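Engineer: Starting from these lines, generate the structure:
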Amino acid sequence: METERTFWQRYGGQILLLVVAALLFSGSQLGRIGLFSEAVAADTAVTIPPTPIPSLEQEVTAAADTAVTQTNISLASLPVISDNSLAPLPNPHTYTARPPSHHFQTHVVTGNDTPGTIAEQYGISTDTLIGGNPGLNREANLLQTGAELVILPVDGVLHTVKPGDTLESIADLYGVPVEDIINYEPNNLEYPFFRLIPETQLVIPGASIGQFYFKAPKSVGNNSGGEQKWAVVGTGTFVWPVNGRCLTQFYHGFHPAIDVSTAEGSPVYAADTGTVTYASYAAGTYYDYGNLIVVNHGNGYETFYAHLSGINVYPGQIVNQGDLIGATGNTGRSSGPHLHFEIRLNDFRLNPLDRLSGPVKSCN
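Structural biologist: Just a heads-up that it's a prediction; the model follows:
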């Protein structure tokens, strides 16, 4: 072991020098081989004559000579590359309106019920009772035993949404603020869309069906003192406006008028002398009346003629007692051809039978 260590100490440096010399010799031989290859390549190179550059005319001629006839390739077999990176999702998330969620009480009519007692029982007005029951008709037998009535939780009207309705048009129709309709929670009108769904029903708080509150114009002119001026004044007595005496509906608090059954198109006469103040299809919340004529008799009395099929007079026209003014019909909220007739004194609805003479009978 000692002898082996003495050997490397004595001859290690020389051995290292020999290894380095061998590596240098090998590298020089490789370089000579590369130079020799380049020399051989240079000796055997072939001189290539320069290619002449053709003129423009020659290029055109050559292109025409070598032109290849195009082949019609069908595109149907080619793959279709579709980029859907910007296409909308097939089922985008859009706003869907919620229908109203009403939960109404109902009342089944008994033989002793009256509109007043039902309204009092539930703390609503008689007008709200009919406002919550669009199927009811002031011109028919409203309180039939066994009928089921909707009881609105607040005074108002149950409105069925029609195509084209907007919150603004409904609010204008009933004369209430839009906010009142929105703020009634079961209507489910959500900010910011407030979208309406046709054929659903909205509660219109504070609204009235309107018929009991309709007031025709009171004057066609005033005198110098600002008082109403009428060209004629009625007699204060009234004649029957139609020839029939068969009543389908008598006067009561829920129906402050009489309904006289007639064939459609029967003549309607002015019950007293006066001035026509309204002659048109009743608009807005008063659509119940249909075609309506109102005559002001200049002495506090007015007469109303509703559901007409024809109107033969115009506002401002003077009519005499017994003059033909229209024809009976079935327009507005009506259950069949008849005349709805009212007599009012200073806007209070009187029982017409207290002002008309002769016997009557019930058609029910």
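Engineer: got the phi/psi numbers for residue 328?
Structural biologist: Dihedral angles of residue 328 (phi, psi; degrees, to the nearest 10) stand at phi -70, psi 160.
Engineer: And residue 353, by the same measure?
Structural biologist: Torsion angles at residue 353 (phi, psi; degrees, to the nearest 10) stand at phi -70, psi -20.
Engineer: And the next helix or strand past the lowest-mean-pLDDT helix or strand in the chain?
Structural biologist: Lowest by mean pLDDT, DSSP states H and E among the helices and strands of the chain is helix 56-65, with a mean of 52. Using DSSP states H and E, the helix or strand that follows helix 56-65 in sequence is strand 105-108.
Engineer: Now that following strand: buried residues?
Structural biologist: Buried residues in strand 105-108, counted by 16 or more other Cβ atoms under 10 Å: residue 107. C-beta coordinates here come from the backbone N, C-alpha and C atoms, glycine included.
Engineer: Against which helices or strands is it packed?
Structural biologist: helix 115-122, strand 148-151 (3 or more Cβ pairs under 8 Å, 6 or more residues apart in numbering; DSSP states H and E).
Engineer: taking the mean pLDDT, what do you get for it?
Structural biologist: The average of the pLDDT scores along strand 105-108 is 92.
Engineer: Provide a list of residues in contact with the residue nearest to residue 174 when sequence neighbours are not counted.
Structural biologist: Of all residues not flanking residue 174 in the chain, residue 207 sits nearest, at 3.6 Å (Cβ to Cβ, 6 or more residues apart in numbering). Neighbouring residues of residue 207 by Cβ atoms under 8 Å, 6 or more residues apart in numbering: 131, 156, 157, 159, 174, 175, 176, 285.
Engineer: 6 Å instead, please
Structural biologist: Each residue near residue 207 by Cβ atoms under 6 Å, 6 or more residues apart in numbering is listed here: 156, 157, 174, 176.
Engineer: ok, those vs residue 196, which is closest?
Structural biologist: Closest approach to residue 196 among these (Cβ to Cβ): residue 174, at 14.6 Å.
Engineer: now the strands for the stretch 201-350 of the chain?
Structural biologist: Along the stretch 201-350 of the chain, the segments classed as strands by DSSP state E, counting those that start in this stretch run 201-205, 246-249, 258-261, 267-269, 274-281, 291-296, 301-308, 310-311, 318-319, 324-327, 338-345, 348-350.
Engineer: Going by neighbour count, list what's buried in the fourth one.
Structural biologist: Going back to what we said before, that points to strand 267-269. Buried residues in strand 267-269, counted by 16+ other Cβ under 10 Å: 268, 269.
Engineer: Please name the strands paired to that strand in the sheet, noting orientation.
Structural biologist: strand 324-327 (antiparallel) (DSSP bridges).
Engineer: start to end distance for stretch 279-293?
Structural biologist: Length of stretch 279-293, first residue to last, Cα to Cα, to the nearest Å: 4 Å.
Engineer: scratch that, stretch 161-177 is what I was asking about
Structural biologist: 17 Å.
Engineer: which parts of it are buried?
Structural biologist: 161, 165, 167, 170, 171, 173, 174, 176.
Engineer: swap in stretch 339-347?
Structural biologist: 339, 340, 341, 342, 343, 344.
Engineer: Give me the residues contacting it.
Structural biologist: By Cβ under 6 Å, 6+ apart, stretch 339-347 touches 241-242, 257-260, 300-304, 306-307, 328, 350, 352, 355.
Engineer: Buried subset of these as a PyMOL selection?
Structural biologist: One line in PyMOL is enough to select the buried ones among these; burial here means 16+ other Cβ under 10 Å:
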select buried, resi 241+242+257+258+259+260+301+302+303+304+306+307+328+350+352+355
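Engineer: Tell me where the model's unsure across the protein.
Structural biologist: 1-13, 25-95, 134-143, 209-216, 218-228, 253-254, 283-287 (pLDDT under 70).
Engineer: If you tally nearby residues, what's the number for residue 101?
Structural biologist: Using other Cβ atoms under 10 Å, residue 101 has 9 neighbouring residues.
Engineer: how near is it to residue 175?
Structural biologist: If you measure residue 101 against residue 175 using Cβ to Cβ, to the nearest Å, the figure is 26 Å.
Engineer: re the thing from before, just the buried residues of stretch 339-347 now: which is nearest residue 110?
Structural biologist: Checking these one by one against residue 110 (Cβ to Cβ), the nearest turns out to be residue 340, at 27.2 Å.
Engineer: Not counting sequence-adjacent ones, nearest residue to that closest one?
Structural biologist: Nearest non-adjacent residue to residue 340, counting by Cβ to Cβ, 6+ apart: residue 306, 3.8 Å away.
Engineer: Domain map for the chain?
Structural biologist: 105-208, 213-362 (automatic domain parsing).
Engineer: Most tightly packed of those domains?
Structural biologist: The highest average neighbour count among the domains of the chain, using mean count of other Cβ atoms under 10 Å, belongs to domain 213-362 at a mean of 18.
Engineer: gap between residue 147 and residue 112?
Structural biologist: 14 Å.
Engineer: do residue 133 as well
Structural biologist: Distance of residue 133 to residue 112, given as Cβ to Cβ: 19 Å.
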